[in-house]
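> Quick one: sequence plus predicted model below, questions after.
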Amino acid sequence: MRTIAVMNQKGGVGKTTTSVNLAAGLAAAGRRVCLIDLDPQAHASLHLGVEAPPGTPSLHDVMLGHRSLSEIRRQVAPSLWVVPGNIDLAGLEQELAGEVGRETILRGKIDELQGSCAPDYCLIDCPPSLGVLTVNALAGVREVFITLQPHFLALQGLSKLLETTALVTRRLNRDLKVSGIVLCLFETGTRLAADISDDLAAFFAASDPHAPWATATLFESRIRRNIRLAEAAGFGKSIFDYDPECNGAVDYGRLVHEVIAGESVGQLGQAA
């Protein structure tokens with residue numbers, strides 16, 4: 001099982017859109033996929049037509065130890081399940097204050113998915129912050145995909161993300177690696193977007209070979225600005241169901257192929 005956290009501490013950079021459409025695309029390609037919505041805004045759940053109002057079973061119950069992921073997850077398409085989040089997650093940091101091992105709760109829950117019913121992929125849509133929820137995601141997965149908008153301020157935010165992954169690697173999860181960078185909201189033909197892409201490639205090429213991001217792939221697939229991606233969320237559908245011929249579907253389709261091509265590196269089929 002490949003376990004991947006999709007993250008960025010900044011909102012509006014395509015994180016949830018990437019989590020949902022990557023999950024849907026992998027499922028359409030024949031992989032069994034479980035998408036965990038760790039964001040209190042629950043946008044990934046809503047994007048796939050799943051709603052868990054406050055007080056109803058959700059990931060919040062899993063994090064408090066009342067339910068398992070298998071009990072909460074809902075099947076939304078062939079080979080695709082969603083573990084819904086909701087606003088109850090917003091108070092989790094206070095609820096778990098003083099709880100021993102609170103940073104690794106999700107790891108234990110993901111481990112329970114192992115076995116004959118285990119998915120091939122477990123994707124986590126992280127909240128736009130670096131709090132206890134995101135730390136739980138990083139402690140529970142082997143890989144991180146970072147979504148970035150190609151502008152210079154994004155590069156400054158990237159350094160903070162990488163510092164966080166390095167800290168988690170040292171203290172909680174030695175297997176954690178930043179394995180992919182996805183450029184979203186990409187404007188083809190602009191000098192800025194091309195310059196940022198070149199700067200990122202140069203940065204990773206020159207990284208410390210022992211850093212968690214040393215082997216990160218800057219995915220060749222660029223997710224172009226496409227209004228159809230935003231529209232799909234409003235209809236509770238992935239881009240492949242909403243408009244399979246649009247640029248957004250083409251771009252995410254290419255990303256899915258790249259991710260599948262890296263399955264041997266991601267150790268699909270091995271324990272997470």
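Structure's in. What do you need?
> CA only for contacts and neighbour counts going forward, please
Noted.
> So S207 lies in a helix, does it not?
No. Secondary structure of S207 (DSSP: H, G, I helix; E, B strand; the rest coil): coil, not part of a helix.
> show me what contacts the nearest residue to it once chain neighbours are set aside?
The spatially closest residue to S207, leaving aside those adjacent along the chain, is A214, at 5.6 Å (C-alpha to C-alpha, 6 or more residues apart in numbering). Going by C-alpha atoms under 8 Å, 6 or more residues apart in numbering, A214 touches V178, F204, A205, S207, D208.
> Between these, which sits nearest S264?
Distance ranking of the contacts of A214 against S264, using C-alpha to C-alpha, places V178 first at 15.7 Å.
> neighbouring contacts of whichever strand or helix holds the closest one?
Element membership for V178, per DSSP states H and E: strand 177-186. With contacts defined as C-alpha under 8 Å, 6+ apart, strand 177-186 is touched by 13-14, 142-150, 165, 169, 193, 212-219, 221-226.
> again, only this time at 6 Å
With contacts defined as C-alpha atoms under 6 Å, 6 or more residues apart in numbering, strand 177-186 is touched by 14, 143-149, 212-213, 216-219, 222-225.
> and the residues you listed, which of them are in helices?
Judged by DSSP state H, the subset of the contacts of strand 177-186 located in helices is empty.
> Show me the helices in this structure, by range?
Using DSSP H, the helices assigned to the chain run over residues 15-28, 43-47, 59-63, 69-72, 92-95, 105-111, 132-140, 152-171, 191-205, 227-234, 239-242, 247-261, 263-266.
> Make a markdown table out of those helices and add mean pLDDT, distance to V6 and mean neighbour count.
Compiled in a markdown table, these are given as follows (pLDDT from 0 to 100; distance: least, C-alpha to C-alpha, whole Å; neighbours: other C-alpha atoms under 10 Å):
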| stretch | mean pLDDT | distance to V6 | mean neighbour count |
| --- | --- | --- | --- |
| helix 15-28 | 97 | 6 | 25 |
| helix 43-47 | 97 | 11 | 25 |
| helix 59-63 | 95 | 17 | 22 |
| helix 69-72 | 94 | 18 | 18 |
| helix 92-95 | 89 | 20 | 13 |
| helix 105-111 | 95 | 15 | 18 |
| helix 132-140 | 95 | 9 | 25 |
| helix 152-171 | 85 | 12 | 15 |
| helix 191-205 | 83 | 18 | 14 |
| helix 227-234 | 95 | 17 | 17 |
| helix 239-242 | 98 | 18 | 20 |
| helix 247-261 | 97 | 13 | 19 |
| helix 263-266 | 68 | 15 | 14 |
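> Looking at these, which is nearest to D125?
The minimum distance between D125 and the helices of the chain falls on helix 15-28, with 5.8 Å, by C-alpha to C-alpha.
> How confident was the prediction at the residue nearest to S207?
In the prediction, the pLDDT value recorded for A214 is 89.
> next one: phi and psi at it?
Main-chain torsions, A214, degrees, to the nearest 10: phi -60, psi -30.
> just V50 next, same as before
For V50, the backbone dihedrals are phi -110, psi 130 (criterion: degrees, to the nearest 10).
> With T169 as the reference, measure out to the closest residue in space to it that isn't next to it in sequence.
In this structure, V50 finds its nearest non-sequential neighbour in P84, 7.0 Å apart by C-alpha to C-alpha, 6+ apart. Counting by C-alpha to C-alpha, to the nearest Å, the separation of P84 from T169 is 27 Å.
> I146 now?
Applying C-alpha to C-alpha, one obtains 16 Å for the distance of I146 from T169.
> tell me the contacts of the closest residue to R31 other than its chain neighbours?
Using C-alpha to C-alpha, 6+ apart and skipping residues adjacent in sequence, the residue nearest R31 is D120, 5.9 Å away. Applying C-alpha under 6 Å, 6+ apart to D120 gives the contacts M1, R31, R32, V33.
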